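> Provide a 3D model corresponding to the input given below.
(one chain, ligands or ions: 1)
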Amino acid sequence: MPRETSDPVPTAPVIRSDVPGSFAWGVFHERHPKLVQQVLDALPYGPAQRAAVQRLLVESTTDVLEPLGEDAPDAAQWLEWGEDLWGKPWGEAPFLWAESYFYRRLLDAVGYFRPGAWHGVDPFAPFKNAELAGPAVDDELAALNELDGLPEARRAQALLSSALWGNRADLSFRITAGADGQTASDLVADDSTTFCAELERTRGGRVCVVADNAGRELLPDLVLIDHLLTCGLAAQVVLYVKPQPYYVSDATTADVLASVERLRTAPTRAAGTVGERLWQAMTNGALVVRTHPFFCAPLPFHDMPADLRTEFTGAAMTILKGDLNYRRLVGDRLHPPTTPFTETTGHFPTPVAALRTLKSDVIVGFDSETVARLDSSETAWRTNGHHAVIQVAARH
Ligand SMILES: O=P(O)(O)OC[C@@]1(O)O[C@H](CO)[C@@H](O)[C@@H]1O
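Sure, this is the predicted structure:
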């Protein structure tokens, strides 16, 4: 893939999943088998689908990469994406590439793209629906009443924080998250002041939000979007979602509609008002929901196609939610943690803000004292979801 910009060629090693005991290895050998079983327990897939899913599990942990069948609508695109990888063991592909392909093959195995009864049925819908309908969401929506009357800046901080920590509510992450139940919330890099200053400086511009997970992450994202529109920080918000189910929880248009409806029909006034405003914003174009095939591509955002780059260009800021988007933004590499965030994001066509709980090995933008403190904690701080960052690369 030709390099789009003249930024320095990254030298940090690309993360792969062939190191036994590594986080990436554990995702394939521990997380995916549990995830697959939950998917098969949650929907009455038939024998052929179940057999295909089990074959995928075996192939992805012991065998080589096989391309999609020619009948797949995106077969040619994946052939191109994998031109140097087909026939190699899954572990020798970049972790980002391999896991993205795992989710594409899971959709293939359950018939998501094939004409027939299961066409378009989201295999993760039972998990998403249960989370959205759950009592935790009732409590979170009710809490919105407490924000009424807060000064704009204080309200913005509260909504930014809820959007940030909403990223912990990630169903694939929770499959192997520790049973310790502790919900430590350690913000280890905090550019929130810069975030708010940048939005103020560009007040009235277009803000892009690259969504991550549905449910308890998308709801606070939508409330934050309503805030940006209502107080005029953004004249328009473009919310990018996935074109198909992905990484268990990732939000699709259907999930946006379900979340807006969950807000609109909430029994509490503040949530209902936000839901109604979001509905109106979608109908009058202040809030635009979009997608693009590249949001399910196995590549870093550095390699985004020109048409998507053009879409982003001119936005005042792009807010990228979650761990996977972070990995794609900075590059899924073992960067030295003190690598400046701005050094890894210069390729992006707009100023960026990353709101991410740490759930994988990629880290940039930390000071050495923070790294030393976290390392001395002798915990899996890079992947346990207890720590988060708000990192901003401002002017372009
Ligand atoms: O993007 P999200 O939802 O915040 O996290 C995605 C994730 O759960 O999947 C990958 C491993 O399976 C990791 O990047 C991360 O843990």
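
> Could you measure from Thr344 over to Thr283?
Applying CB to CB, to the nearest Å, the value for Thr344 to Thr283 is 38 Å. The C-beta positions use only the backbone N, C-alpha and C, and glycine is treated the same way.

> More neighbours: the two, which one.
Thr344 (25 against 9; other CB atoms under 10 Å).

> can you pull the contacts of the more buried one?
With contact set as CB atoms under 8 Å, 6 or more residues apart in numbering, Thr344 has these partners: 10, 329-331, 335, 364.

> and if we set it to 6 Å?
Residues counted as contacts of Thr344 (CB atoms under 6 Å, 6 or more residues apart in numbering) are 330-331, 364.

> top of these by neighbour count?
Using other CB under 10 Å as the neighbour test, these are led by Val330, with 31 neighbours.

> Poorly predicted segments of the stretch 1-150 of the chain, please.
The model of the stretch 1-150 of the chain has pLDDT under 70 over residues 1-10.

> What ranges does the stretch 51-200 of the chain have for its strands?
With DSSP state E, counting those that start in this stretch as the criterion, the stretch 51-200 of the chain has strands at 186-190.

> Tell me where it has helices.
Here the stretch 51-200 of the chain has its helices, by DSSP state H, counting those that start in this stretch, at 75-81, 95-109, 125-133, 135-142, 152-165, 171-176, 192-201.

> Buried deepest among those, which one?
Mean neighbour count (mean count of other CB atoms under 10 Å) peaks for helix 95-109 among these, with a mean of 23.

> helices and strands around it, which ones?
helix 47-62 (3 or more CB pairs under 6 Å, 6 or more residues apart in numbering; DSSP states H and E).

> Alongside the ligand, which residues does the stretch 201-350 of the chain contribute?
Within the stretch 201-350 of the chain, the residues that sit near the ligand (CB under 6 Å from any ligand atom) are 212-213, 247, 249, 322-324, 327.

> biggest separation within those, which pair?
Largest separation among those by CB to CB: Ser249 and Arg327, giving 15.5 Å.

> The two: which has the busier surroundings?
Ser249 (26 against 22).

> Need the pLDDT of the more buried one.
On the pLDDT scale, Ser249 is placed at 93.

> And the residue of the stretch 1-150 of the chain closest to the ligand?
Here the residue of the stretch 1-150 of the chain nearest the ligand is Val27; by CB to the nearest ligand atom that distance is 4.4 Å.

> Of all residues in the chain, which one is nearest the centre?
The centroid of the chain falls nearest to Asp212 when counting by CA atoms, centre = their mean (2.9 Å).

> got the contact list for stretch 77-90?
60, 64-65, 67-68, 93, 98, 298.

> run the last query once more with 10 Å
Outside stretch 77-90, the residues that touch it by CB atoms under 10 Å, 6 or more residues apart in numbering are 1, 16-18, 28, 59-68, 70, 72, 74, 92-94, 97-102, 104-105, 293-294, 297-299, 303.

> now the end-to-end length of that stretch.
18 Å (CA to CA, to the nearest Å).

> Distance from the chain centre to it, please.
Relative to its chain's centre, stretch 77-90 lies at 23 Å (CA atoms, centre = their mean, to the nearest Å).

> Quick check on Ala388: phi, psi?
Taking degrees, to the nearest 10, you get phi -150, psi 160 for the backbone angles of Ala388.

> typo on my end, it should be Thr252
According to degrees, to the nearest 10, Thr252 has phi -110, psi 180.

> go on, Leu329?
When read as degrees, to the nearest 10, the backbone of Leu329 gives phi -70, psi -50.

> Please apply the same query to Val389.
Torsion angles, degrees, to the nearest 10, at Val389: phi -130, psi 150.

> before we move on, back to that, of the contacts of Thr344, which is the nearest to the ligand?
Nearest to the ligand among the contacts of Thr344: Val330, at 12.1 Å, using CB to the nearest ligand atom.

> Quick check: Arg50 vs Leu57, distance?
Arg50 sits 11 Å away from Leu57, taking CB to CB as the criterion.

> brain fart, Ala136
According to CB to CB, Ala136 stands 30 Å off from Leu57.

> what does Val223 give?
38 Å.
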